[in-house]
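Novice: Sequence and predicted structure below; questions after.
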Amino acid sequence: MLLKRGFEITKMSFFIPTFKQWGYLDSIHLTLCIVGSRKIDEFADLDYSRQGWEIFAPNLTIYGFDADQEACDRRNAELASQNINWTEKHIPLALWNHCQGACLYVTQHPGCCSLYPPNDVVIDRLSEYSDRHKLISTTQVATTTLDNFFANLAHPIDFIQLDVQGGELNVLLGGKNHIIPDVLAAVVEVNFIELYKHQPLFADVDQYLRNSEFTLFDIGQKWHGLRQGISLMSRQHRGQFVWTDGYYFRDLIRPDQNHHLKTPDRILKLACLADMLSFYDYALELLGYLTKRYGVSDRRYNFADCIIQVLENNPEAVKHGINTIPFVNELRKYTYLT
C-alpha cells in the first residue's frame, strides 16, 4: 500500500527551541528516569546531556540508575565539574520488581550484565553475542522498585528509558502502582530472542504497556545476529532480529484512554517529549489540539503563532508549501499576530 509522504525535518527537536524563546517552557517541569544509565562509548547517545534536554533547564530533573557503583560515581563527578543548571543524579541501585536483592550476572561486555543469566544455548550460535555475553562472575546486588524509591517524589516521572538487559518488564512492574501510571512516554529495549534465560520478550513487554494504555509508535535501529562462523547474509535480511528499542507514547487525544492524564500541562509535556524524540507530526497534532481546546480561553495554550513562525522559518517546510498543509491552515484561525 502506497501512502502520501510529508516533508522531512533533519534536526533533533523542531518546535522546542522557539517554544523556549517564547516562554512556553517556563511553566512545566520535566522529569526523566534513565534505568541502565551507564555510559558506553559505542552507545554514547544514551548520554542525555548530549541530546539537547538541557533546554528545559532549570525545570529539568534526570534520575539515572545503574548497578555499577563506579559508573554512577564517575558520572556524578562529571556532572559536578560541569556546573550544570538542572538536577541530575545517578543512583547505584538495580531497579527490579522487588526489594529483596538479586544475583547480578557479570559478563565479558559491561553493557550485557543482567539479573537474568546468559542463555548459552542461544548466544553460542550467534557471532559477537557469544563473546559479549560470556559469563565472568556473579555477585549479589541490592534492588529496589520505582514505587519504593520514588515514594515521596515531588514531580511525576514524565519519561522513562529502560535498558536493563532483559529486565525491562520487571522494572515496569515495580512501578505499576504509582510511577508508571504518570509516565507520558517510554523508550524500552525489547528482545525478540531469549539472550537471557527466562527473560520476557517483546510480546510480553508490549502487552503490558498496551494494557497500561501506551501506544507503540515506532522502533529504533534493528540489531541482528549472524550465525556463528558464518558471514553470509542477504540485503533483505541482515541475520536474525535480536533486539531494538520500542518508542511508546500516551494518546491524550483519544477519548477512551488515559483520562487521569488529560490536563493541558500534561498534554504540553507530551508534545515536548514527542518533539524531543523526533515525532514531529505527533507533537504538532498535540499542540494543535491544545490550541483549539484550551487556547481560545487561555493564551498560555495557544501555540498557533509560534507553530506558524517555526514552519515559515524552516526551508523544508517552505519548500513543501506551508499553505498546502490543511492542519496549518486550520490553525491560522487561532492566531493573534497579524
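Specialist: That came through fine.
Novice: nearest spatial neighbour of residue 37, skipping sequence neighbours?
Specialist: residue 64 (3.1 Å; CB to CB, 6 or more residues apart in numbering). In short, each C-beta sits where N, CA and C put it, glycine included.
Novice: tally of neighbours for the residue nearest to residue 323 when sequence neighbours are not counted?
Specialist: Computed as CB to CB, 6+ apart, the closest residue to residue 323 that is not its neighbour in sequence is residue 329, at 6.5 Å. For residue 329, the neighbour count with other CB atoms under 10 Å is 11.
Novice: One more: residue 15?
Specialist: Residue 15 has 22 neighbours, counted by other CB under 10 Å.
Novice: residues in contact with it?
Specialist: For residue 15, the contacting residues are 271, 275, 280, 283-284, 287, 306-307, 310, by CB atoms under 8 Å, 6 or more residues apart in numbering.
Novice: Please render the residues you listed as TSV that adds secondary structure, distance to residue 196 and neighbour count to the earlier fields.
Specialist: Formatted as TSV, these follow (DSSP: H, G, I helix; E, B strand; the rest coil; distance: CB to CB, whole Å; neighbours: other CB atoms under 10 Å):
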residue	secondary structure	distance to residue 196	neighbour count
271	helix	36	27
275	helix	34	22
280	helix	36	18
283	helix	35	23
284	helix	39	23
287	helix	41	27
306	helix	46	20
307	helix	45	25
310	helix	44	19
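Novice: quick one: what helix or strand has residue 243 in it?
Specialist: Per DSSP states H and E: residue 243 is located in strand 240-250.
Novice: Could I get the average pLDDT for stretch 307-318?
Specialist: Stretch 307-318 shows a mean pLDDT of 91.
Novice: likewise stretch 219-231?
Specialist: Stretch 219-231 comes out at a mean pLDDT of 93.
Novice: Render the CA-only coordinates of it in PDB, please.
Specialist: Extracted in PDB, the C-alpha atoms of stretch 219-231 (Å, rounded to 0.1, in the frame of the first residue of the first chain):
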ATOM      1  CA  ILE A 219      11.000   1.000  16.800                       C
ATOM      2  CA  GLY A 220      14.600   2.200  16.700                       C
ATOM      3  CA  GLN A 221      17.600   0.700  15.000                       C
ATOM      4  CA  LYS A 222      17.200  -3.100  14.400                       C
ATOM      5  CA  TRP A 223      20.100  -5.200  15.700                       C
ATOM      6  CA  HIS A 224      20.600  -8.600  14.200                       C
ATOM      7  CA  GLY A 225      22.800 -11.600  14.900                       C
ATOM      8  CA  LEU A 226      24.600 -13.700  12.300                       C
ATOM      9  CA  ARG A 227      25.200 -17.400  12.800                       C
ATOM     10  CA  GLN A 228      28.400 -18.400  14.500                       C
ATOM     11  CA  GLY A 229      31.200 -18.700  12.000                       C
ATOM     12  CA  ILE A 230      29.000 -17.700   9.000                       C
ATOM     13  CA  SER A 231      29.400 -14.200   7.500                       C
END
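Novice: Next, the buried residues of it.
Specialist: By 16 or more other CB atoms under 10 Å, the buried positions in stretch 219-231 come out as 223, 225-226.
Novice: Which of those residues lies at the shortest distance from residue 314?
Specialist: Nearest to residue 314 among the buried residues of stretch 219-231 is residue 223, at 32.4 Å by CB to CB.
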